[in-house]
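**Q** what follows is a protein structure lacking sequence information:
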């Protein structure tokens, strides 16, 4: 479970961006967080990821290290092929002998075998999102932070990405941000971040 | 009017991107170019802006003027050169263009005195995008081509871009927008062209496009 209790947070130059945020997400649940550009969505995800400490309040996380998918997948695709991208994630969890088998298994499991020799940076935006998320899923996180994952995608790719998440991430606790009402994900609960505060919506 | 006639283009590394593309883009109207990824949208926009030359075919503007086109690239906010908003605008050098930039900023709801001394890279994502588009659209050319101007923008900022496009249209400009944003198209009616494998697969009024599920699907909007 991830629990935020009366969290305040911000940066040195900005003062408090988040005020009195309380929320709770459990495994298998998706919390959708809507907010305009600059409303503090990414700051909230950084707090949930443990990358930014609250100035007040507490964050309790019993789910371990989160998988964090950034808005622009190009920023987190580092390898020269899709296969190598998964290897970067899997190397720490496997011996050299079992690595190849694990890569094959994950390529298949995430339905990206067809892309294995492609250069991640040359894929379409939707494919890049799937590969970046696959590389995250290899580490078997129980908790995912998806920062406006379809802001850069067309409607079709965005639908495919939703199907991918439904199929592969159903056991995870998910925080999913979006900046258009029309791009709300399938979620258990809906929130709106406005004036630094989190409001329940829908 | 801007006319593209029988454009062929391929990149050095192989695949043909545009094959026999012909179309007309009217002045005083917005034309949206839609289509699945890889259909040649960005290539077409670069050709229309004369940033690349087609291997064959031609692009005609009547009445002709030079320079013809202003191109606003994707993620225009990544291209600032100076460390203040004021200096960034002054790069336009000409007082008439600087005036146009101020006018555009006002149209899209940015208050210049509040941000003039800020480093453009410290603006919020939405402000930075609107600033970049306002400055680039201050060039006085008969044609404006924008590649995905609303990508990543929330609905408020998307509508501000829409207002800016409307200003250009009211000045009688040819405005071409590559987009996959149905809400932008809805906010400012015009014509839609669907590009498929480098050719014009469909064109018509934006209202018909938005109302027809099979067309939206062909353009990969759903």
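**A** Good, I have the coordinates. Predicted model only: the values in this text are computed from it and were never measured. Numbering: from 1, shown residues only, chains lettered A, B, ... in the order given.
**Q** run the chain-centre distance for stretch B:204-217.
**A** Stretch B:204-217 sits 20 Å away from the centroid of its parent chain (C-alpha atoms, centre = their mean, to the nearest Å).
**Q** could you report the pLDDT at residue A:192?
**A** You'll see residue A:192 listed with a pLDDT of 97.
**Q** doesn't it belong to a strand?
**A** Yes - assignment of residue A:192 by DSSP: H, G, I helix; E, B strand; the rest coil places it within a strand.
**Q** quick one: it and residue A:201 touch, right?
**A** Yes - Residue A:192 sits in contact with residue A:201 when judged by C-beta atoms under 8 Å, with a separation of 4.5 Å. Any C-beta I mention is one placed from the backbone N, CA and C, and that applies to glycine too.
**Q** and the most far-flung residue of chain B relative to its centre, what does it touch?
**A** In terms of distance from the mean C-alpha position of chain B, residue B:117 ranks first, at 27.5 Å (C-alpha atoms, centre = their mean). The contact partners of residue B:117, taken as C-beta atoms under 8 Å, 6 or more residues apart in numbering or on different chains, are B:84-86.
**Q** point out where the chain drops to low pLDDT.
**A** All of this refers to chain A. A:202 (pLDDT under 70).
**Q** try chain B instead
**A** For chain B (pLDDT under 70), the answer is B:14-15.
**Q** which bits of chain A sit near chain B?
**A** A:35-38, A:71, A:124-126, A:148, A:151-157, A:159, A:179-182 (C-beta under 8 Å from any C-beta of the partner chain).
**Q** which bits of chain B sit near chain A?
**A** So far as C-beta under 8 Å from any C-beta goes, chain B lies against chain A at B:36-38, B:124-127, B:151-158, B:180, B:182-183, B:216-217, B:219-222.
**Q** in helices, which of these appear?
**A** B:125-127, B:155-158, B:182-183, B:216-217 (DSSP state H).
**Q** residue A:156 against residue B:216, yeah?
**A** No - using C-beta under 8 Å as the test, residue A:156 is too far from residue B:216 to be in contact (9.4 Å).
**Q** overlap in contacts, those two.
**A** residue B:222.
**Q** please enumerate the helices of the chain.
**A** Since you didn't name a chain, this refers to chain A. A:41-49, A:82-90, A:96-109, A:125-137, A:155-168.
**Q** you looked at the wrong chain, it should be chain B
**A** Going by DSSP H, chain B shows helices at B:41-48, B:85-90, B:95-107, B:112-115, B:125-136, B:155-170, B:182-187, B:206-211, B:213-218.
**Q** residues of the second one that come out buried?
**A** To tie it back to what came earlier, the one meant is helix B:85-90. In terms of neighbour count (16 or more other C-beta atoms under 10 Å in any protein chain shown), helix B:85-90 has its buried residues at B:85, B:88-89.
**Q** closest to the centroid, which residue in chain B?
**A** Nearest to the mean C-alpha position of chain B, by C-alpha atoms, centre = their mean, lies residue B:146 at 1.4 Å.
**Q** please name the bridge partners of that one.
**A** Beta-bridge pairing for residue B:146 (DSSP bridges): residue B:72, residue B:177.
**Q** quick one: contacts for it?
**A** Per C-beta under 8 Å, 6+ apart, neighbours of residue B:146: B:71-72, B:133, B:165, B:175-178.
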